[in-house]
Each structure stands twice: as structure tokens, then as C-alpha cells.
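# Fold the following and give me the result.
(chains A and B)
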Amino acid sequence: MWRERRRRAHERRRRSTESGARVAEHGVSGAAMREASGVAMPGAAGDWGVSGLSVRYGRHPALVDVTLAVPGGAITAVVGSDGSGKTTLARALAGALKPSAGSVRRPASRRIGYVSAAAGVYRDLTVDENLEFTGGAYGLRGAALRQRAAQLLARIGLTDAHDRLAGDLSGGMRQKLAFAMAVLHEPELLILDEPTTGVDPVSRAELWRLIARAAAEGTGVLFATSYLDEAERARMVLVLDRGHELVSGDPIDIVATLPGAVFTVPIVRRCDGGSIERHAAAEPGAAEAVLDGRSAPHRWRRGADWRVWSPSGAPPAGGTAARVDLSDAVIVAALQAGEPTA
Amino acid sequence: MWAIVVKEFRQLRRDRRTVAMLFLLPFLFLIVFGYAASFDVKTVPTVVVGPLATTVAARLPGQFDVVGVHPAEGYAQAFNELRDGKAIIAIVSPTSFAAGDAQILIDGTELLAARTAITGFSQLRSGASGAPAGGQTSGAATAVDIANLLPTPRVLFNPELRTSVIMIPGLCGIILVFVGTVATALGVVRERQAGTLEQLAVMPFRAWQVFLGKIAPYLLIAVIDMALIVGAGLLVFNVPFRGSVLTFALGALLFLFVTLGVGVLISTVSQTQGQAIQLSIMTLLPQILLSGLFFPLYSMAAGVRWISYVLPMTYFVKVARGVMVRGTPFVELWFPLLMLAVLGTVVFTLSVLRFRRDLAPGGAKDEGGSDVAGAAEAST
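Below you'll find the predicted structure:
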């Protein structure tokens, strides 16, 4: 089963490579995204990544045979639920843990920028002091450091907060500071482990603008996230499920090559004797059959509708063709992986 | 309420270190106060010198544990034996029974033993003055004869038997343990808890650079702390400093070497600052209680005394008191200094190895390229 899934995943990856890479643009506006949309940057950093990577924590396999390229000048997203292995992959690529099998390609540590899941900001140092420490660690000193720090502070909107303790900043501001610390030395490879988790929507958008800009400047970005809408913005996506590669490739290709078809079945609420039940709006009798888990196991809720995956492509009763996105495609991949015959 | 009790027990069951501390500490106290902590000095190490040393030694009451008899030596040897910590009482025997030139020297840095000895000699003399005169001319000297021959003891190094004189050198040890072990462990664990240790691990630092960078500030603080304590001891409490500053500094540095190593070692096995504090307390308490700082080693039961000999504080206390109060020279302190060096090397090596494992798991950091496990793959 896994072998078959891996074959399909590799096939998808091959197709996506052939179709040409891109940097997705959703939600990132203006000049930054236009900069980031240029793909193969002249003089872009090398081809970093992992190959056949497996990591075990004691007897527990955290990652199993995962392969991922992180090219320069592009954003590569690793997406998955908690415990799927995103952080392990980010840490292995950063050199913070030793793989059990496989290989990791990365630049020298002085050319890597890393934001761990814990942000890695010294809360008892000021914004300036945090930047000064990181700059010193990477050999930046004096006027060069001050100039670069000022430039980044302006870019992340923390110029006025330069003398505030990092512990007094909001979560979003702290993540932006962590980002600034990670790109201070203009790394070739930037590894961001869930930088937007717990961050407000405005700060998320700002962080994405910064990340896209870093990629546009030629940095290879690995972005681990739990949010599929963020993963859609990447050039390449790797979806992990309990340490295994579920699906990978260009998000557009992943959606386009989705097996079978996905349909929408609307849901309405009806009060019946004080209780609330869900029914299909049209053709109530037929929709009841769709909502019955025994007859339609491939369904999930999406807003006010059910989404139903039909492996054969045949529409369910009352269903209309859905506008599929990466979120749907990943669910289909997970359902397909769970199929006894898949 | 029952739900809270059950929840507490479940949490406690998973917090093995707290459980260990809750059960180990009473056990430790039982050992310390049952066997080790004794203010009763039953025997006092004694050395006897002078022409009649053998006779005097043979006639001393049982509470004087004769550890050396040197008939050919005189006062200088007696003084040196006390200065070097080999005995607590030195008796310079008279040139003859008729001569009144005997001397008793007591090491004032051993308060309990010194007080016991002073009382013992006093009782001997008062007993002799009430005894029949014939006892003195019977040819074979008795304990009473000996007492009559001996003058009032002279307390060396700490004539007023002041507690501060012996506690302040020991306090230096406590300060060094506190800063070296507790503060260092907390400093490293704070990084781990905040997630910044991982950040350091991927930065272009070598493990030893992080290690030294982390401990250097605490080393400096410990040195300043110790200088302040010694200075206050000298100026405010009139503690003498008779020996070599360099020997003291060497002892303190070696001791700090051990305590910093213990601190880093604790930090490598602690995930939270609470755990680090627990472990630090478990290393700090035995050192304070069993190092001879409060309770003399020779009063401890032999079964628990060996614990004292694996504690670095035991050796630091010997060095600090020896150098500061008695003026013990370097050559006579080679053993405690060597022990501190050995303990330091063992603990420091262990801590560096564990620290390295945490900080450089991916191997060589500065070269980049690839980590390869299993099948080899060419690096980029």
C-alpha cells in the first residue's frame, strides 16, 4: 500500500517538476509577491533537502523514508498534523538532530537561518540585544550589524520597539523578531518551524510577506505548518502523515491530479422536536443516503456543505462538482491511503 | 476533593525525580543525623613528640587517639603536624619527668575536638591535684603523672575558638557550589526550556564554545562572590589568611571546575528549571552536611564516612581551612588538590560529553554539506 502511495507521490512530484516551479501568491500582496514569483533566481542558493530520511526517537519512528528538495529562491512547505514529523524534518535539515537513515543536504551552519517551534527568542533580552547576539554569532559586527538590524526592524515594523524586552512583545511581534534574527545574516537556507502558529491573521500575513521576500531574494525556504491554506502558497508541498509522506508536489498539480472527483452536498439545519439534525437540502431522501456513513464513507464537512469524494468520479445523489483546493486534495490523499485496496 | 488527590498521585507517579527526592531526602537525613552528624567527639587524633614521647603516648587516656609518636622531633614538628591537619592535638613531651618544659598544642580550627581536649586536660589536671603524692614517685608514670607534667594547652590558629574563623572558609565552598552548580544548571536549563538551546545548536558555534560561553559568566560571578566573602571574612570577622593566596586560588579553581561540571551535568538531564533545582539540592545537601564543614569527619561512623571522601566539598574545606586559618603550605595539600582535580576531570568530561551530544547531534557543523546515515550519499 505504502509503496503504491510512494510511487504515486513520486509520479506527482515528477509531473510537478516538469510543469515548472512557481511561488504561489495567495494572500501575499504587492511588490513582495511579485519579487517572489520570479523562480530561478540568478545565483540562487543550492539545492538543499533530505533524501530517504528516517528518524527514530528510541523505538518510535518519527520520519520514515522522506525525500524533499528545498531549492533556492522558493518556498517549500511541509504540512501535517501535530506529531506528523514536521518539526523532526525541520530539525534534521537544520542539523539539530542526527538522522537514523538517509541523507541531509544543507549549507554550512553559518549559512542557515532557523526559527524553531519555540521561536528561539531570548525573552529577557531587548529586541536590539537579540539581534546583536544573533549578529555576533554569525560574525556581523559594528556598523554592518547596526545597518542590517535597522533595515530588518523597519521591514518587520519593530523599529519603535527596538528597546523593548522580547518577552513583552505580542506573539506576532515575537515571531517577526525571530524571523528577523533568522535572516539577519542573509542565509542560503531558511528553516521556519510553524512560525505562524498562534499568530493573529494580520501578523500572519505580514510574516508571509517577509518570507516571500526572503525567497525572492534567493533564499531556499522550508516552511513547516499545520495550515493548508499557507501550504498552498508554496512552490512545493510535502504532506506528512505520522512520519510518512502522504503526498508531495506542486500544490496546483496535487489538486489537478486528484484521483476521482469531489462533490459538494449542501447541509441545512432543521429543528425537529427541539433537536437539531442535519439534512441535505435537495432531494431529502437521497441526501440522507449520502450522509449515511455506511453508504458514503468518503465525506467531510466544509463550511455549510459536505464534501464527498467519489473514487470512480460518479456524483452522489444531490451532489454538484466541488471547486477543489489543497485542503480537499490532502483529505482525499488521506482517504485514499486509508483505502484497503489503495 | 478525592479527584484532586487522585490527580496529584497520578502526576506524582510520573514525576520520578520528585518522588526520588521525597524518598531520598529523608533517607539522606537519616544517614546524616543518625550516623554522620555527631557533636560527640570520642577520640581526638593526637601526635606526641619529644624525648619522652613514647612514654607519654603510652600513658595517655583512651580519648587521645595517638596517630604519631616522634621522640626525635620537637616543637617545630608538633606545630607542623597541626598546621598540616594530620593531628588535632600535639604534645611536646618534657625532656625529663622533672623538667617543666612540656607543651600541649591544640588545633583551634577543630572546635569540637579542641573543646573536648581542653576539658579533658583540665579534668586530668584536677584529678591529679587531688591524687596522693606517692603516685608521682612510683617510677612507672601513670595518667595522673602525665597530667601533672603537662601545662595548660595552647590553642593555635584560632585561640579564641571562634566559629566564624572556621565557617567563613567553608562558606566560600557553599558559595562556589551555589553559583557553580545551581546557577549554571538553571542557566542552561532556562535555554532548553525557552527553546533557545536548540537555536544555539544550529548556530555556527562549536559545542565547547557554547559550553564555555555558558559557564564563563558564572565562573566570573563565583570568583567575585568568593573574593567578597574572603574580603568580608578578613575585614569584618577578622579571619586570618596565613597561607598562600595562590594555593587557595588553585583549590578554589579546581573546586569550581567540579561544581560547574556538576551544574552542566544536571542541566543535561533536566528538562525544566524545577528539575534542575531538585537535583542541585540533592547534590548540595550532602556536600554541606557530610564534608566536615559542620560535623567533623573523624566523628562520623566509618560506614558513612566514605561518602564524605567522594564529595568535592570535603577536599575544598580541607584546602580552604588549611590555607586560610592554619597556613598549610601547598606541598602538604597535594592530596585534596589532587582529589579535586580528579573529581573535576571526571565530572567535567562527563558533562562536556553529554552537552556535546545535546548540541552537536548532526556532527560537524561548520562544514555543511550532508549528514549521511545508512547508505552513503555524496555531499554537495
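# which residues does residue A:301 bridge with?
Using DSSP bridges, the beta-bridge partners of residue A:301 come out as residue A:306.
# what about it, neighbour count?
Residue A:301 has 10 neighbours, counted by other Cβ atoms under 10 Å in any protein chain shown. Any C-beta I mention is one placed from the backbone N, CA and C, and that applies to glycine too.
# How about residue A:304?
Residues near residue A:304, counting by other Cβ under 10 Å: 12.
# For the residue in chain A positioned nearest to chain B, report the pLDDT, please.
Across chain A, the shortest distance to chain B (Cβ to the nearest Cβ) belongs to residue A:118, at 2.4 Å. Reported pLDDT at residue A:118 in the predicted model: 81.
# Do I have it right that it meets residue B:195?
Yes - because the distance of 2.4 Å satisfies Cβ atoms under 8 Å, residue A:118 is recorded as touching residue B:195.
# So what touches the helix or strand that contains residue B:5?
Residue B:5 belongs to helix B:2-14 when assigned by DSSP states H and E. Applying Cβ atoms under 8 Å, 6 or more residues apart in numbering or on different chains, the external contacts of helix B:2-14 come out as B:18, B:19.
# can you tell if stretch B:341-355 touches chain A?
No - between stretch B:341-355 and chain A, judged by Cβ under 8 Å from any Cβ of the partner chain, nothing touches; the nearest distance is 14.5 Å.
# residues making contact with that stretch?
B:207-208, B:210-211, B:254-255, B:257-258, B:260-265, B:267-269, B:310, B:312, B:315.
# Just the buried ones from these?
The neighbour-count test (16 or more other Cβ atoms under 10 Å in any protein chain shown) marks B:207, B:210-211, B:254-255, B:257-258, B:260-265, B:267-268, B:312, B:315 as buried among the contacts of stretch B:341-355.
# quick one: residue A:114 is in a strand?
Yes - remark: residue A:114 belongs to a strand, assigned using DSSP: H, G, I helix; E, B strand; the rest coil.
# any idea how far it lies from residue A:301?
For residue A:114, the distance to residue A:301 equals 37 Å [Cβ to Cβ, to the nearest Å].
# now do residue A:160
Distance of residue A:160 to residue A:301, given as Cβ to Cβ: 44 Å.
# cool, and residue B:214?
51 Å.
# cool, and residue A:130?
43 Å.
# do the same with residue B:200
Distance, residue B:200 to residue A:301, using Cβ to Cβ: 44 Å.
# Contact partners for the closest residue to residue B:110 other than its chain neighbours?
Nearest non-adjacent residue to residue B:110, counting by Cβ to Cβ, 6 or more residues apart in numbering or on different chains: residue B:88, 4.7 Å away. Applying Cβ under 8 Å, 6+ apart, we find residue B:88 in contact with B:44, B:45, B:46, B:82, B:106, B:107, B:110, B:113, B:114, B:117.
# helices or strands up against the helix or strand encompassing the last one?
According to DSSP H and E, residue B:117 maps onto helix B:111-129. The criterion is 3 or more Cβ pairs under 8 Å, 6 or more residues apart in numbering or on different chains; DSSP states H and E, and the helices and strands that helix B:111-129 contacts are strand B:44-49, strand B:103-107, helix B:143-149.
# next one: that helix to chain centre, how far?
Distance of helix B:111-129 from its chain centroid, counting by Cα atoms, centre = their mean, to the nearest Å, is 28 Å.
# same question, stretch B:326-345
11 Å.
# Please report phi then psi for residue A:219.
phi -80, psi 140 (degrees, to the nearest 10).
# Sticking with the closest residue to it other than its chain neighbours, tell me its helix or strand.
Counting by Cβ to Cβ, 6+ apart, residue A:219 lies nearest to residue A:190, which is 4.9 Å off, once chain neighbours are set aside. Assigned by DSSP H and E, residue A:190 falls within strand A:189-193.
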